Every structure is written in C-alpha cells, then in structure tokens.
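A.B. asks: Quick one, what's the 3D model for this:
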Amino acid sequence: MSMMHFVINDTQKKTTESAPVKISISRMQKALAAERFRMPEGLSREEKRQHILNAAKGK
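C.D. replies: Model prediction:
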C-alpha cells in the first residue's frame, strides 16, 4: 500500500499540517476505471433517489 501526505489547512488557526494517509493505488485505479453516471439537472429529491436506484440495478 502506498503512503501519501495530504496538507491540511486550518484557516481559523492559520496553520498548515501534513497528515499521512494510506491509499491503495490498485483500489484507486479500479475506482477511476469504473463506470460513471451523470445526475440529470432539475430532478426532485424523489427523482434523484429513483435515478440512483435505477443506476444501481443497471437500468
């Protein structure tokens, strides 16, 4: 597993910290290669819910 560092900016305290985060490069590549879906604009909450459920079912 690869190790990456993310910079965390705290605007209220005016400080910057570096925090190590473990990331699985193979899982990241698989996720980026996965099918993507676009949510149509202007849908109601229920229409968005139905769109997500249909995408999950492969419709």
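A.B. asks: can you give me the strands for the chain?
C.D. replies: 2-10, 15-23 (DSSP state E).
A.B. asks: how many neighbours does Phe37 have?
C.D. replies: Here the number of neighbours of Phe37 (other Cβ atoms under 10 Å) works out to 10. The C-beta positions use only the backbone N, C-alpha and C, and glycine is treated the same way.
A.B. asks: how about it, what does it touch?
C.D. replies: Ala55 (Cβ atoms under 8 Å, 6 or more residues apart in numbering).
A.B. asks: how about a cut-off of 10 Å?
C.D. replies: Contact analysis of Phe37 by Cβ atoms under 10 Å, 6 or more residues apart in numbering lists 51-52, 54-56.
A.B. asks: Against Ile25, how distant is it?
C.D. replies: Plainly put, Phe37 is 24 Å away from Ile25 if you go by Cβ to Cβ, to the nearest Å.
A.B. asks: Same check on Ala56?
C.D. replies: 26 Å.
A.B. asks: that older thread, can you add distance to Lys30 and neighbour count and give the contacts of Phe37 back as TSV?
C.D. replies: Below are the contacts of Phe37 laid out as TSV (distance: Cβ to Cβ, whole Å; neighbours: other Cβ atoms under 10 Å):
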residue	distance to Lys30	neighbour count
His51	24	16
Ile52	21	12
Asn54	23	11
Ala55	18	14
Ala56	18	9
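A.B. asks: just checking, which of those belong to helices?
C.D. replies: Counting by DSSP state H, the contacts of Phe37 place 51-52, 54-56 in helices.
A.B. asks: so Met39 makes contact with Ile52?
C.D. replies: Yes: in terms of Cβ atoms under 10 Å, Met39 counts as a neighbour of Ile52; the distance is 8.0 Å.
A.B. asks: Which strand residues bridge Pro20?
C.D. replies: Taking DSSP bridges as the rule, Pro20 bridges to His5.
A.B. asks: how close does it get to Leu43?
C.D. replies: 40 Å.
A.B. asks: So between the two, which is more surrounded?
C.D. replies: Leu43 (12 against 8).
A.B. asks: ok, now which ones touch the residue nearest to the more buried one when sequence neighbours are not counted?
C.D. replies: Spatially, and ignoring its direct neighbours in sequence, Leu43 is nearest to His51 (6.4 Å; Cβ to Cβ, 6 or more residues apart in numbering). Applying Cβ under 10 Å, 6+ apart, we find His51 in contact with 37-40, 43, 59.
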